[in-house]
Every structure is written in C-alpha cells, then in structure tokens.
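J.: what's the 3D shape of this:
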Amino acid sequence: MKDNNNEFDIGTKIRALRKIRGITLKQMSEDTGMSYSYLSELENNKHSVTVDNLKKLAVYFGIDMIHFLEKTERKSVLIRKEDRSSLKTKDGMLFQTIPSEDVRSMQITFVTLPPDSPDKRKRNIHKHPQGEEFITVTKGEVIVVIEEEKYLLKEGDSLVFPADREHIIYSGEKGGEFIIVGAPPYGREYLAHL
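T.: Numbers count the residues shown, from 1 in each chain. The predicted model follows:
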C-alpha cells in the first residue's frame, strides 16, 4: 500500500514549517497536544497522519490544509557567483546570466557596462512579446530609454516597465553595473547580437 505521507512529503513540510518559525519539536508537542515521538516519526515520514491531526497542524501553523497536499516539485537553488554563465564582448561589456535550468519563470542577468557603452551605433532596441522587466543599478549610472521616456538611474535606483515597449539600455561617462530581471524569460538570444 502506498504511503500518502511520502507521496506528498508531508513530514518534510511539517519540519520546514516548524524550523522556519523557530519552534522546537518539544514545543510543538506541548502546543498541539501530540506526542513528541509521534511528531518526530511524522516529520520523518515514518508515521501516517490523520485528517484531524493534519487540520490541527494547519491551524497551528496558520496555513491552509491544502499546503500539505500539494506536491513539492521545486526546491531552493543556491547559485554561486562562479556558476553564472558569462559573456564578455570585445568592447568590455560583461553579461552574466543565471542558468535557465535553475530559474524557470524569470530571466536574471547581471550586466557591467564600461563608460559610454554600447557605442551609439551598436545600441540594439529590445522589445519582448509579453511580461515585465525590472532593472536595478548596483554601481555607477545607467540610462534607460523606453520609447519616448528617458531615465537616468543611479546606484540603488530601480525601474519596472512593460517588456513589450521598445527600450534601450546604455551607460554614460561613469559606466555602470545593474541587474535586469525579465518575467517571463524571453531567451538569451539577445546576447548573440552583441
């Protein structure tokens, strides 16, 4: 017979909820009236859970009971700086992206632009069929032109705009570094044109 706890990974979800809230197993046992050994076995998927106990735990954690019954498909992904995909152009622009297998619903790119780059003749107009883009400057200054609107973004400034509006991003005489996030991801084909 198939164990529904393992199928839905209920024990791992209970442990995660408990730990993120800084609750000990002993405290949870006292608060819920469930035995320490029962909760320990439950967290390790060694014990099945009744609907009543599942309801009690949902109330205890302040969540909807459906949380326990949703299948866990994705886990957190730690991406080290050295794991980024990198491309450096001849004129010194650096693009680093988070691998698409790690992030599926957005595209994250770290960009370093030397002063006055890209050159006026090489500035490509970008436009994507749907979604939004978010840009935040981490160093220097960056100019963003969205159709007829021009923005000078300095360190710490951010901008969100519809991705289907024509836009250009370039640096002034100080150069700049920024992070741009596109959602949904629109591919990395733009790097091929640099």
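
J.: make it CA atoms for all contacts and neighbour counts henceforth
T.: Fine.

J.: residues in contact with stretch 119-135?
T.: Here stretch 119-135 makes contact (CA atoms under 8 Å, 6 or more residues apart in numbering) with 158-170, 178-184, 186, 194.

J.: mind listing what's buried along the lengthiest strand in the chain?
T.: Assignment by DSSP state E gives strand 167-183 as the longest strand of the chain. Neighbour-count burial for strand 167-183, counted by 16 or more other CA atoms under 10 Å, picks out 167, 169-172, 175-183.

J.: what does stretch 33-50 give?
T.: So for stretch 33-50, counting by 16+ other CA under 10 Å, buried means Leu39, Ser40, Leu42, Glu43, Asn44, Asn45, His47, Ser48, Val49.

J.: return the member of those residues nearest to Lys150.
T.: Using CA to CA, the shortest approach to Lys150 within the buried residues of stretch 33-50 belongs to Glu43, at 54.2 Å.

J.: list the contacts for the closest one?
T.: Neighbours of Glu43 in contact, by CA under 8 Å, 6+ apart: Ile10, Gly11, Thr12, Lys13, Ile14, Arg15.

J.: show the contacting residues for the spatially closest residue to it that is not a sequence neighbour.
T.: Among residues not flanking Glu43 along the chain, Gly11 sits closest, at 3.7 Å (CA to CA, 6 or more residues apart in numbering). Gly11 is in contact with Asn5, Leu42, Glu43, Asn44, Asn45, counting by CA under 8 Å, 6+ apart.

J.: what strand or helix carries the residue positioned nearest the centre of the chain?
T.: For the chain, the residue sitting closest to the mean C-alpha position, by CA atoms, centre = their mean, is Val103 at 6.8 Å. Using DSSP states H and E, Val103 sits in no helix or strand.

J.: so that it lines up with my notes, have the first residue be 342 from now on.
T.: All right, first residue 342 from here; so that's Val444.
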